[in-house]
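# next input, structure requested:
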Amino acid sequence: MNGMKVPAAIVLAIALQAGAMLWYVSGIDHRVTTMYAEYQKSNQKAVIENQVRMELDVQEVIKAVVGVGQQVTINSAALEILIEETNKIIKQNKALKRELTTLKKQFNESKKKEKTKKKKNTEKKLG
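Sure thing, here's the model as predicted:
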């Protein structure tokens, strides 16, 4: 390096290229910063829209749950009425079965009495 001289034109050319590269990279950085800021704004709008949609959906779900709750209450009351009516019918059915059994016994007894009378009448006739 002793005695070597670097021409001033080469030094100037390298300095100009370094300056141009710095200016170009600065421009790219500015564009990226601007695009990122716009992305954040649009993303923030999307997030807000999403939150609004979710809030509306939650309100619809709440309305649906309230409606289902009311329907369950109505159905419960109707079910209680049905259970009461079913119990009444079961009691009536048991009473009817008892009456039917009693009637069958009476019918069988009357048949036996009739047979006995016929036998006696036949025996009287015969003799």
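# quick one: which helix or strand includes Asn43?
If you go by DSSP states H and E, Asn43 is part of helix 8-126.
# let me know the pLDDT of Gln51.
With respect to pLDDT, Gln51 scores 91.
# could you measure from it over to Lys45?
From Gln51 across to Lys45, the span is 11 Å (Cβ to Cβ, to the nearest Å). C-beta: built from backbone N, CA, C; applies to glycine.
# over to Lys120?
Applying Cβ to Cβ, the value for Lys120 to Lys45 is 110 Å.
# same question for Lys5.
Noted for Lys5: a distance of 62 Å to Lys45, by Cβ to Cβ.
# when these two are compared, which one has more neighbours?
Neighbour count, other Cβ atoms under 10 Å: between Lys5 and Lys45, Lys45 has more, with 10 against 5.
# ok, that one to Lys112 distance?
Taking Cβ to Cβ, one finds Lys45 at 98 Å from Lys112.
# which residues of this protein score low on pLDDT?
1-3, 127 (pLDDT under 70).
# ok, now with 90
Within the chain, the segments meeting pLDDT under 90 span 1-9, 38-49, 110-127.
# Ile83: neighbouring residues, count only.
10.
# got a list of what it touches?
Contact analysis of Ile83 by Cβ atoms under 8 Å, 6 or more residues apart in numbering lists nothing.
# that one and Thr73: what is the separation?
For Ile83, the distance to Thr73 - Cβ to Cβ - is 16 Å.
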